[in-house]
Every structure is written in C-alpha cells, then in structure tokens.
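*Asks:* sequence and predicted structure below; questions after.
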Amino acid sequence: MSAIEEAVSRTVPSEDVSRKSNLLQQAATLVVLASLLLMPVFVKNFVVFQMTMLLIYAVAVLALNLLTGGSGQFSLGQSAFYGLGAYTCAILVEHGGVNYALTLPAAGFVCFIAGYLFGFPALRLSGVYLALATFALAVAMPQILKLGIFEHYTGGVQGLSVGKPRVPFGLPITQDVWLYYFTLAVALLIYIASVNLLNSRSGRAMMALRDNPIAASAMGVDLALYKTMAFGISAAFTGIAGALSALVVQFVAPDSYAIQLAVAIFLGMVVGGVGWLPGSLVGSAFIIFVPNVAESISKGLSGAIFGVLIVVVIFVVPDGARQIAFNIAQAFDKLVERR
C-alpha cells in the first residue's frame, strides 16, 4: 500500500468519527431545545417560574462568559449591570408607559453605554485588580439606587412594582407560560448572537487578547477598543437579563442586586465551564436548584452544605460542565472507532 493510500485509510475513519460526533452534539441540542419548548405543558406554574428564572440567569452567566472566557477579563460587578437593566425596564414600564418588549433593547443600550464607559478606567487594570474594581461597582450600585434624588423614579429603599405583561393575541395560555416562552426566545437570540460574535473577526480578536495581549497588539489588535467593547457587550446582555427578571418577578429593589448576585453569576460561569457558552444553562441550574437541595438536607446548615458541594464540584470537575461534555464526546468517539 502506498503512502497516499495509508493516509487516506487513516483519515477516513477520523472524518467519520468527527461527523458522528457532530451529529451527537446536534441531537443533544435538539433534545434540550425540545425539552425547553414542551416543559410548560407538563409542570405547574411555580416550576414554570423557576425555569424562567433559570433562563434569565443563563443569559447573565453567558454574558459574563463572553467577558471572561472571550476576552480574559474578570468581573465581579455583573450585579450592577443586572440591576441597572432591571430598573431601566421598571421605570420605562411604570413611569413611561413603554411596552415591555421595547424595554429590553432600551435596557441593553443603557447598560452597553455604562459597561463601555466603565471599560475605559479598567484598561489600566487586569487580573485581581480588575476584579476588585468591578467588586467596588457591585457594592456601590445598591447604595446609588437608594439615593433620594432618584427616589421618585426608583422608589428608593422600598423599590418599585412592575405590572405583569398580558398575554398577546388572545393566546390560550397563562401569563407565566407566556413570559417563559418570551424569555426563551430572547435567550435563544442572545445565544445565537454570542456564538456568531465569537466566530467573527471581532470575536477572534477578543480571544487573541485573552490568550496573549502582547502578541495580539503586535498583530494589530486594538486592545483598548476590544477590551471596552467586550465590557459593553457583556453589560448589555446582562442588562437584558435584568430587564427580564423585572418583568418576571414584578418587583425591583436595590438590595436584590447586591454583591451576592454577582458572586452567584460568577459561580454559574465556573460551574458551566469558562469559555463554553452551552455551559451557561448548566451553571444557571446549579445556582438556582443546588441551594434548594442543600436546604432540603439541612435548613440550619444549608450554607455549609452548599459550600461543600461547590468544593466537590471544583475538585471533581475543575473545568465544570465543559469537562463532562468533553469526556462524553470522547467516550462516544472511542465507541464509534471500535465499531
């Protein structure tokens, strides 16, 4: 057998394995999407509410993943943009009479400007120092929302109620189910936009910035532009998640957007896998359901149990859900090769 024939014989099985692996990924995606679409038919309203919040937190986790996994910048201030988006939605709905659907792009725009402007002082910071700067932003935001000069619009310490959107077109579903499907549609659009962004020229520039800033700068990547742009896009998506939460919870208050929320979003990113966008859904499920599991084990020690579970996850799967998915795909490839 010639060298060419040997090469062909080696590459054909690997191409076949790759094709079947891609089919597995597509099948898994379709199963997850079908489950999300059919879920409200078989569960109660409270579970629908929980799943809606899961999608909202998944958007927030994905936004942070774009910033950290995409451009290598750490942030503990996502709760500030989340709260800013929620208040933008609430103020426009209650004081401006704006349609709830139109408040989402408005919240995204406001948070994009805020994130983009915050990105400028963050240009001189990196690593731990950048995390501390964003931490300060998260601590300051609830206090800013309580200021008396904004009380007429924000409701001050007492917060602001938001009316629940009505079901359009006379659809025979409840308001909770409508908000779930509305949130699912928005989440899918943001996910598709994020994937396309990372696969674009700008996304490759951000990833080059993440891997080696000096080499990226030498290749002509504008570090200042892409750093601030990453902050702005991440803040915009986080603000849209906050606006969705205001519509679903029907209430906004300054203390709802404290540093604990920022830590939860960061934890969701780590559990889902840094830089792996599909893991955002897994990370969101972790921060929503695992605390409930810990409380069911022991109400008095729920915090300690939750902490132990986090440590176990970090030691067993340090790369989060991304590592589990990779191991499953690798095992599937080996099974296909044997056949």
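*Replies:* Good, I have the coordinates. As the structure is a prediction and not an experimental result, all values here were calculated from the model.

*Asks:* could you measure from residue 245 over to residue 265?
*Replies:* Separation of residue 245 from residue 265 (CB to CB, to the nearest Å): 12 Å. The C-beta positions use only the backbone N, C-alpha and C, and glycine is treated the same way.

*Asks:* what touches both of the two?
*Replies:* Counting by CB atoms under 8 Å, 6 or more residues apart in numbering, the shared contacts of residue 245 and residue 265 are residue 82.

*Asks:* sec struct for residue 49, please.
*Replies:* helix (DSSP: H, G, I helix; E, B strand; the rest coil).

*Asks:* which pLDDT does the model give the nearest residue to residue 165 once chain neighbours are set aside?
*Replies:* Spatially, and ignoring its direct neighbours in sequence, residue 165 is nearest to residue 100 (4.6 Å; CB to CB, 6 or more residues apart in numbering). If you check residue 100, the pLDDT there is 91.

*Asks:* isn't residue 100 up against residue 89?
*Replies:* Yes - counting by CB atoms under 8 Å, residue 100 touches residue 89, with 7.3 Å between them.

*Asks:* ok, these two, which is more surrounded?
*Replies:* Counted by other CB atoms under 10 Å, residue 100 and residue 89 do not tie: residue 89 has more neighbours, with 28 against 20.

*Asks:* what distance do you get for the nearest residue to that one once chain neighbours are set aside to residue 100?
*Replies:* Nearest residue to residue 89 in three dimensions, chain neighbours excluded: residue 243, at 3.6 Å (CB to CB, 6+ apart). Computed with CB to CB, the distance linking residue 243 and residue 100 is 9 Å.

*Asks:* okay, and the common contacts of these two?
*Replies:* residue 89.

*Asks:* and for the closest residue to residue 133 other than its chain neighbours, the neighbour number?
*Replies:* In space, and not counting its chain neighbours, residue 133 is closest to residue 125: 5.5 Å by CB to CB, 6+ apart. Applying other CB under 10 Å, we find 15 other residues in the vicinity of residue 125.

*Asks:* please apply the same query to residue 50.
*Replies:* Other residues near residue 50 number 16, with proximity taken as other CB under 10 Å.

*Asks:* so what pLDDT did it get?
*Replies:* Here the pLDDT value assigned to residue 50 is 92.

*Asks:* how about residue 228?
*Replies:* In this model, residue 228 carries a pLDDT of 87.

*Asks:* pretty sure it contacts residue 114?
*Replies:* No - Residue 228 lies out of contact with residue 114 (CB under 8 Å); the separation is 11.6 Å.

*Asks:* neighbours of residue 189, how many?
*Replies:* 12.

*Asks:* tell me how far it lies from residue 277.
*Replies:* Applying CB to CB to residue 189 and residue 277 gives a distance of 14 Å.

*Asks:* what is the mean pLDDT for stretch 57-68?
*Replies:* Here the average pLDDT along stretch 57-68 is 93.

*Asks:* before we move on, back to that, and the residue nearest to residue 89, that one's in a helix?
*Replies:* Yes - under three-state DSSP, residue 243 sits within a helix.

*Asks:* which residues touch it?
*Replies:* 85-86, 88-89, 103-104, 107-108 are the contacts of residue 243 under CB under 8 Å, 6+ apart.

*Asks:* could you measure from residue 238 over to residue 58?
*Replies:* From residue 238 to residue 58 the distance is 12 Å (CB to CB).

*Asks:* of those two, who's got more company?
*Replies:* Regarding residue 238 and residue 58, a neighbour count based on other CB under 10 Å identifies residue 238 as having more, with 35 against 28.

*Asks:* where's that one, which helix or strand?
*Replies:* Residue 238 is part of helix 223-249, with elements assigned from DSSP states H and E.

*Asks:* starting at the chain centroid, how far to that helix?
*Replies:* 10 Å (CA atoms, centre = their mean, to the nearest Å).

*Asks:* tell me the mean pLDDT over the next helix or strand after that helix?
*Replies:* Downstream of helix 223-249, the next assigned helix or strand under DSSP H and E is strand 251-252. Confidence over strand 251-252 (mean pLDDT, whole number) is 92.

*Asks:* contacts for strand 251-252 next, please.
*Replies:* In contact with strand 251-252 (CB under 8 Å, 6+ apart) are residues 83, 86-87, 90, 154-155, 159-162, 246.

*Asks:* what do you get for stretch 258-269?
*Replies:* Stretch 258-269 is contacted by residues 57-58, 60-61, 64-65, 68-69, 75-80, 82-83, 134-135, 138-139, 142, 238, 280, 283-284, 286-287, 310 when judged by CB under 8 Å, 6+ apart.

*Asks:* same question, stretch 304-318
*Replies:* With contacts defined as CB under 8 Å, 6+ apart, stretch 304-318 is touched by 267, 270-271, 286, 290-291, 293-294, 297-298, 320, 323-324.

*Asks:* measure residue 256 to residue 237 for me?
*Replies:* 19 Å.

*Asks:* hmm, I typed the wrong one, I wanted residue 133.
*Replies:* Distance from residue 133 to residue 237, by CB to CB: 20 Å.

*Asks:* settle it for me: which of the two has more neighbours?
*Replies:* residue 237 (30 against 18).

*Asks:* you'd agree the more buried one is up against residue 194?
*Replies:* Yes - using CB under 8 Å, residue 237 and residue 194 qualify as a contacting pair, with a distance of 7.5 Å.

*Asks:* no more questions from me, cheers.
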